[in-house]
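[1] got a sequence here, can you model it:
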Amino acid sequence: MRYAVQWLRSLIFVGQMYVMLPVVGLLYMPAAILSRKGAVRGCKAYCRWVRWSARWMVGLRTEVRGTPPEGQVLIASKHQSFLDILLIYSELPAGRFIMKREILWTPVIGLYGMRIGCIPVNRGKRGAAIKKMVQDVARGAQKPGQLIIYAQGTRVAPGVKAPYKIGVGVLYEQMGVTCVPAATNVGVFWPKRGIYRKPGLAVVEFLEPIEAGLGKEVFMTRLEEEVETASDALLREAGFPVDERV
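    This is a model prediction of the structure:
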């Protein structure tokens, strides 16, 4: 009975979340068209709405730990669900994502993604995608901000192992900037797929920066170790059985 009630609450929450996406998008559309700052305000307003409504509708509290970076940095994060996107972006002054090219054609999200400076890539052609990604980042270097990339390239459920993609290492090497790793446990409460939202405390944690100038292999090893260790700690805090990985 308790599960059924929570599932129903989750359904209502998810429904209103998708209703509010075009509502907020249209409300801020004039400002978004006029300037990047207007688009950023619209995106942050939506992030705040989802975090607030999740708390009272499904009992899902959210928290961002560590120091959100400022200036020109690369953020390499764990990705478990849509929620970590919202948490990361809500705390950054000028965040922009490496995103799948298909998202460009998504109503509202595609427009705002381009207006805040996101960089679309075609994941189907790995070598070409990395080359194009580096070129696009270089062309957008005049736009200050925090470039966010998901190190494993896709959403990965808690407890599931997946390799870290070389693209993050290439960007780190080519950009020559500090990288801030980010860990999370949001997938315990907000899964990759499905309606059910589990009550509890979902966390994204910004970790200690990795200085610029390391070799690509050294950087990749350090990034994976730090993100996975911190994410495992957050999973244990959420009551997830880390030692029973699949």
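
[2] grab the nearest non-local neighbour of residue 210.
    Distance criterion CB to CB, 6 or more residues apart in numbering; nearest residue to residue 210, sequence neighbours excluded, is residue 179 at 4.5 Å. Backbone N, C-alpha and C define where each C-beta goes, glycine included.

[3] surely that neighbour touches residue 72?
    No: in this structure residue 179 lies outside contact range of residue 72 using CB atoms under 8 Å: 11.4 Å.

[4] can you count the residues close to the closest residue in space to residue 117 that isn't next to it in sequence?
    Of all residues not flanking residue 117 in the chain, residue 96 sits nearest, at 4.0 Å (CB to CB, 6+ apart). When counting by other CB atoms under 10 Å, one arrives at 24 neighbours for residue 96.

[5] can you name the next helix or strand after the helix or strand harbouring residue 96?
    Element membership for residue 96, per DSSP states H and E: strand 95-100. Downstream of strand 95-100, the first helix or strand assigned by DSSP H and E is helix 109-115.

[6] what sits up against that following helix?
    Helix 109-115 has contacts (CB atoms under 8 Å, 6 or more residues apart in numbering) with 21, 25, 29, 32-33, 36, 38-39, 42-43, 97, 99, 103-104, 120.

[7] switch the cut-off to 6 Å
    With contact meaning CB atoms under 6 Å, 6 or more residues apart in numbering, helix 109-115 is reached by 32, 36, 39, 43, 99, 103-104.

[8] for those residues, work out which two are farthest apart.
    36 and 103 (17.6 Å; CB to CB).

[9] how about stretch 217-228: buried residues?
    By 16 or more other CB atoms under 10 Å, the buried positions in stretch 217-228 come out as 219-220, 223-224, 226-228.

[10] could you export these to TSV, including columns for secondary structure?
    As requested, the buried residues of stretch 217-228 are exported to TSV (DSSP: H, G, I helix; E, B strand; the rest coil):
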residue	secondary structure
219	helix
220	helix
223	helix
224	helix
226	helix
227	helix
228	helix
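
[11] mind listing what's buried in the longest helix belonging to the chain?
    For the chain, the longest helix by residue count, based on DSSP state H, is helix 2-27. Neighbour-count burial for helix 2-27, counted by 16+ other CB under 10 Å, picks out 6, 9-10, 13-14, 17, 20-21, 24-25.

[12] could those residues go into JSON lines alongside pLDDT and distance to residue 213?
    Shown next, in JSON lines, are the buried residues of helix 2-27 (pLDDT from 0 to 100; distance: CB to CB, whole Å):
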{"residue": "6", "pLDDT": "96", "distance to residue 213": "48"}
{"residue": "9", "pLDDT": "97", "distance to residue 213": "49"}
{"residue": "10", "pLDDT": "98", "distance to residue 213": "46"}
{"residue": "13", "pLDDT": "98", "distance to residue 213": "45"}
{"residue": "14", "pLDDT": "97", "distance to residue 213": "44"}
{"residue": "17", "pLDDT": "96", "distance to residue 213": "41"}
{"residue": "20", "pLDDT": "96", "distance to residue 213": "43"}
{"residue": "21", "pLDDT": "95", "distance to residue 213": "40"}
{"residue": "24", "pLDDT": "96", "distance to residue 213": "41"}
{"residue": "25", "pLDDT": "95", "distance to residue 213": "40"}
